[in-house]
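In: sharing a model prediction with you, sequence too.
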Amino acid sequence: MAVPETIQPLVDKYTFHRDAYIRGQEKYNETQLRQDFTDPFFHALGWDVNNNKGHSEAYREVLHEEPVRIRGTTQFFDYTFRIGGVRKFIVEGCGK
């Protein structure tokens, strides 16, 4: 699979500002990261990150902060990716 054209500018933008992100000078938080990089990245790969197709909650392709029970504890994951309402994979950011 070829890399979608919209991904390269994301890589370039991150690379250009990387030092500032790492040093924290930009006061860059997780919400900004998701809006600027993660959402556009998965959108470029064909995922309906913002539910533009208007699916009901049960059939949304991407859920944000979905509660998932694991060993009696509820975890909230940044992204849950589903096909036909079936969870396929989870993406969770990690801190510094």
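Out: Sure, I can see it.

In: residues contacting the residue nearest to the spatial centre of the chain?
Out: In the chain, the C-alpha nearest the mean C-alpha coordinate belongs to T38, at 4.1 Å (C-alpha atoms, centre = their mean). Counting by C-beta atoms under 8 Å, 6 or more residues apart in numbering, T38 makes contact with 78-79, 91, 93. All C-beta atoms are positioned from the backbone trio N, CA, C, and that covers glycine.

In: just the buried residues from these, in ChimeraX please.
Out: In ChimeraX, this line selects whichever of the contacts of T38 come out buried by 16 or more other C-beta atoms under 10 Å:
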select :78,79
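
In: what is the neighbour count of the residue nearest to R60 when sequence neighbours are not counted?
Out: Spatial nearest neighbour of R60, chain neighbours left out: N51 (5.1 Å); criterion: C-beta to C-beta, 6 or more residues apart in numbering. When neighbours are counted by other C-beta atoms under 10 Å, N51 registers 15.

In: R60 too?
Out: So R60, with other C-beta under 10 Å, has 20 neighbours.

In: just give the nearest non-adjacent residue to T6, would you?
Out: Using C-beta to C-beta, 6+ apart, the closest residue to T6 is A44 (4.3 Å).

In: what's the burial count for the one you found?
Out: Burial of A44 is recorded as 17 neighbouring residues (other C-beta under 10 Å).

In: mind checking how far it is from T38?
Out: Separation of A44 from T38 (C-beta to C-beta, to the nearest Å): 11 Å.

In: secondary structure element for K88?
Out: strand 86-91 (DSSP states H and E).
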